[in-house]
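> No letters, just coordinates:
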């Protein structure tokens, strides 16, 4: 059994010893890569479910993503990697790797024992043709009715420009709820407003929702396949546009992955600038969601006031970066935005004035009993469901799960910034356990969580700007010779929706990608809406939907 040392991280050696004690000769190797990634390669793919369940149940690891790669040109195999985040404040990740080969590659489904793996494995089957044996849901997910089940877009032998014949018809089988008085209401994928396409199939008994199924991927653009044909700088532009309102979060995760693979650390000033812009992104999005909630409860005045604050923040975004959506903030090795001269003072003044007005609007909303009554008890997501599906971000925190990537896997300037200003020490320095708080998990809890996060983001912006200084450079080179072909790394960030994770595998020429895997928070959180609306009335669906603020494009890629 070969092994690379896991020294270099305070918790990695202990984690290796734990894995070896439990799985022994079932492990081919255990390696520490990129500072905080413990890669455990298993000898036999049949032991994949056992190891994943052990990491999840015994080590309390949360499934962060599943990465499948077509490595047949390298080792005649498809690689499967299940990535888990380990709590404890040390930022460790466990990557469990298994290989599968053959003309009809397969692996034992982990989803049978770990429900949070369900959607990942359906995606692997559609995009790679690698079959999760025993998976509880055999329906296609990413590819739709007229796409042949024999064609798999992320295999290396599938050419990106291929015109796929649409001569196949595989009607999607929605769950049929039968019984006296049960009606079915199909909504979408084309909607009356300007929102993106998604299909919702309601089963109702009177006005009460007894079942909801969502069908997405109408905005699938082939982002991951497209990235394989571009150089690293152009992939950065793609990462910003995965979901336009998460431009900073997604580009930060991508840049972080490339920088880790290259062994490059951006300058302190650049990392602080990233944090400032990331928090500005969180602020304007939370304001927009709170405005949408006010609209959906019929309180137009509150919505107007909040939308005005969002507009002020977006104009500030443009002053800072040249883009209302904060495009162009990140560069490989640093940032392209210089918060120099009068900009820090302008940002501090603008966010301070916004917060003062925001406090008054929130007081008005909380004082309106009709608003509070519509939010309270609506769209409840239980703590058990959050843990089962692996929800992240506001959806998880509002149901009592105390998680935040900025603290639990600290990156960039968040290693020293206070994520919660009510604590005198950095949150990640506190001994951390996955613990449940007393939050209710309803729309009102998500409303209150977003209010808290706007306030916290303002404080983080202030602290980061005070530390900014003016001497550090903004970007350092990322030399391509430092990027080893076939090397890989994980980048991650906390968007306003929750954790986003980006995996990169470096190509042969050191300036391209063999594999780019993106998992945004929306992918984890979409299943929550199906449970949240149960026993609510149909008229509450827009309110529940808006309270989660999920992205179609960010899910569909």
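It's in. It should be emphasised that the depicted structure is a prediction, and the values quoted were computed from it without experimental measurement. Residues are numbered from 1 along each chain as shown.

> Correct me if wrong: residue 99 contacts residue 43.
No. Contact criterion CB atoms under 8 Å: residue 99 and residue 43 do not qualify, at 9.6 Å. Bear in mind the C-beta positions are built from the backbone N, C-alpha and C, glycine included.

> higher neighbour count, these two?
More neighbours surround residue 99 than the other of residue 99 and residue 43, with 19 against 15 (other CB atoms under 10 Å).

> May I have the beta-bridge partners of the more buried one?
For residue 99, the beta-bridge partners under DSSP bridges are residue 79.

> okay, it: pLDDT?
Looking at residue 99, its pLDDT stands at 97.

> give me every residue that touches it.
45, 75, 77-80 (CB atoms under 8 Å, 6 or more residues apart in numbering).

> Report the distance from stretch 133-148 to the chain centre.
Averaged C-alpha coordinates place stretch 133-148 at 22 Å from its chain's average position (CA atoms, centre = their mean, to the nearest Å).

> How about stretch 305-324?
In terms of CA atoms, centre = their mean, the centre of stretch 305-324 is found 24 Å from the chain centre.

> Quickly check the contacts of residue 99 for the two that are furthest apart.
Greatest spacing in the contacts of residue 99, by CB to CB: 45 and 75 (13.9 Å).

> show me where the stretch 151-300 of the chain has helices.
Secondary structure of the stretch 151-300 of the chain (DSSP state H, counting those that start in this stretch): helices located at 223-227, 232-240, 247-262, 268-296, 300-321.

> what pLDDT, on average, does the longest one get?
Which is helix 268-296. On average, helix 268-296 scores 97.

> Show me what that helix is packed against.
Applying 3 or more CB pairs under 8 Å, 6 or more residues apart in numbering; DSSP states H and E, we find helix 268-296 packed against helix 247-262, helix 300-321, strand 334-335, helix 343-366, helix 443-467, helix 541-548.

> Who are the packing partners of the third one?
Counting contacts by 3+ CB pairs under 8 Å, 6+ apart, strand 334-335 packs against helix 268-296.

> how big is the angle separating the helix it packs on from helix 541-548?
In terms of direction (axes from the mean of the first three to the mean of the last three CA atoms, to 10 degrees), helix 268-296 departs from helix 541-548 by 170 degrees.

> How far off centre is helix 268-296?
Its chain's average C-alpha position is 16 Å from that of helix 268-296, according to CA atoms, centre = their mean.

> by how many degrees do it and helix 443-467 diverge?
Orientation check (the same axes, to 10 degrees): helix 268-296 against helix 443-467 gives 150 degrees.

> strand partners of the helix or strand harbouring residue 500, parallel vs antiparallel please.
Using DSSP states H and E, residue 500 falls within strand 499-506. Sheet pairing of strand 499-506 (DSSP bridges) gives strand 488-494 (antiparallel), strand 513-519 (antiparallel).

> Could you grab the helix/strand/coil label for residue 529?
Here residue 529 is recorded as helix under DSSP: H, G, I helix; E, B strand; the rest coil.

> who are the neighbours in contact with it?
The contact partners of residue 529, taken as CB under 8 Å, 6+ apart, are 212, 214, 544-545, 548, 550.

> In this protein, where is pLDDT below threshold?
For the chain, applying pLDDT under 70 flags the ranges 1-8, 89, 421-438.

> Can you give me the domain assignment for it?
The chain breaks down into these domains under automatic domain parsing: 12-133, 182-215, 223-556.

> Is it possible to get a markdown table of these that adds distance to residue 165?
A markdown table is the format used below for these (distance: least, CB to CB, whole Å):
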| stretch | distance to residue 165 |
| --- | --- |
| domain 12-133 | 17 |
| domain 182-215 | 22 |
| domain 223-556 | 18 |
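
> Buried ones in stretch 279-292, by neighbour count?
Using 16 or more other CB atoms under 10 Å as the test for burial, stretch 279-292 gives 279-292.

> cool, and stretch 149-165?
Neighbour-count burial for stretch 149-165, counted by 16+ other CB under 10 Å, picks out 152-154, 158.

> Now the terminal residues of it, how far apart.
End-to-end distance for stretch 149-165, by CA to CA, to the nearest Å: 12 Å.

> Identify the residues contacting it?
68, 70, 72-73, 126-129, 140, 143, 147-148, 168, 170, 222, 224-226, 228-229.

> Check those for burial and list the buried ones.
68, 70, 126-129, 140, 143, 147, 224-225, 228.

> These into CSV, with extra columns for secondary structure and distance to residue 185?
Shown next, in CSV, are the buried ones among the contacts of stretch 149-165 (DSSP: H, G, I helix; E, B strand; the rest coil; distance: CB to CB, whole Å):
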residue, secondary structure, distance to residue 185
68, strand, 35
70, strand, 40
126, helix, 27
127, helix, 31
128, helix, 35
129, coil, 35
140, coil, 23
143, coil, 26
147, coil, 27
224, helix, 34
225, helix, 35
228, coil, 40
